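> Build the 3D model from these lines:
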Amino acid sequence: MIPRFYPIFDHPDWLRRALPLGVEFVQLRIKDQPQDRLRALLAEGRDLCRAHGAQMVVNDHWELAIELGCNWLHLGQEDLETADLAAIRAAGLKLGLSTHDEDELARALAARPDYVALGPVWPTILKKMKWHQQGVETLTRWKQLCQGVPLVAIGGLSVERAPLAFAAGADCVSVVTDITLNADPEARLRQWLEVTR
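Residues are numbered from 1 along each chain as shown. Predicted coordinates for the structure are as follows:
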């Protein structure tokens, strides 16, 4: 099983704010950086998480996750086209996969993931997606289809919506902008930690 709270950040500076509050499971999603800079940021995040006894999930960059000795990796469906799953498994990485429809879920489950993420459950402002909001009813259906694989709800989550996601079957809730765009991110993180205990 994975922790119930799974924030996603785009820079290790966010880890310095979140980890001392008790965040145990966090994704570092870094885009559009030169390889050397990306490697340095991921290594910094890895070291911060290790110092706090937390688990860092590397988004997308599976070769660097292996190189840096990380424990977790998250891939989107498009990444499955090019990622070497055998090498990822041989390196001992645990794997999370994004899904948006039943075809993607079937493909994800065939890869024997350590969690499956479904989104967007609610409308999201983070990125343009071809999928409309899935709704909590899809969480309930996914939970039945996931064959015991932990289910992460993502997309449009808020502290107020988290109980709805859990009630619908989510094992974990993932969030970005509800924290990063909040006027007081630390206070919001404390609310998240409270609602996901």
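> Tell me the secondary structure at P20.
Secondary structure for P20, judged by DSSP: H, G, I helix; E, B strand; the rest coil, is helix.
> how far away is L68 from L75?
16 Å (C-beta to C-beta, to the nearest Å). Placement of C-beta: from N, CA and C, glycine included.
> Looking at these two, which is more packed in?
More crowded of L68 and L75, by other C-beta atoms under 10 Å: L75, with 25 against 16.
> Contact partners for that one?
Counting by C-beta atoms under 8 Å, 6 or more residues apart in numbering, L75 makes contact with D60, W62, A83, L95, G96, L97, S98.
> For the helix of greatest length in the chain, which residues meet the burial criterion?
Identified as the longest helix of the chain according to DSSP state H is helix 35-51. Neighbour counts over helix 35-51 (16 or more other C-beta atoms under 10 Å) mark L38, R39, L41, L42, A43, E44, G45, R46, L48, C49 as buried.
> For those, could you give me JSON lines that also reports pLDDT and distance to Q134?
Shown next, in JSON lines, are the buried residues of helix 35-51 (pLDDT from 0 to 100; distance: C-beta to C-beta, whole Å):
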{"residue": "L38", "pLDDT": "98", "distance to Q134": "30"}
{"residue": "R39", "pLDDT": "98", "distance to Q134": "34"}
{"residue": "L41", "pLDDT": "98", "distance to Q134": "31"}
{"residue": "L42", "pLDDT": "98", "distance to Q134": "30"}
{"residue": "A43", "pLDDT": "98", "distance to Q134": "35"}
{"residue": "E44", "pLDDT": "98", "distance to Q134": "34"}
{"residue": "G45", "pLDDT": "98", "distance to Q134": "29"}
{"residue": "R46", "pLDDT": "98", "distance to Q134": "31"}
{"residue": "L48", "pLDDT": "98", "distance to Q134": "32"}
{"residue": "C49", "pLDDT": "98", "distance to Q134": "29"}
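> Out of these, which is nearest to E194?
Using C-beta to C-beta, C49 comes nearest to E194 of the buried residues of helix 35-51, at 21.5 Å.
> V159 against R188, yeah?
Yes: with contact defined as C-beta atoms under 8 Å, V159 counts as touching R188 (7.1 Å).
> Please identify every residue contacting each of the two.
Common neighbours of V159 and R188, counting by C-beta under 8 Å, 6+ apart, are D178.
> residues in contact with the residue nearest to the spatial centre of the chain?
Geometric centre of the chain, nearest residue: Q27, 5.3 Å, by C-alpha atoms, centre = their mean. Applying C-beta under 8 Å, 6+ apart to Q27 gives the contacts Y6, P7, I8, F9, M56, V57, V58, N59, H74, S174.
> What is the burial count for the third one?
What it means is I8. Residues near I8, counting by other C-beta under 10 Å: 20.
> What of the second one?
Using other C-beta under 10 Å as the criterion, P7 is surrounded by 24 other residues.
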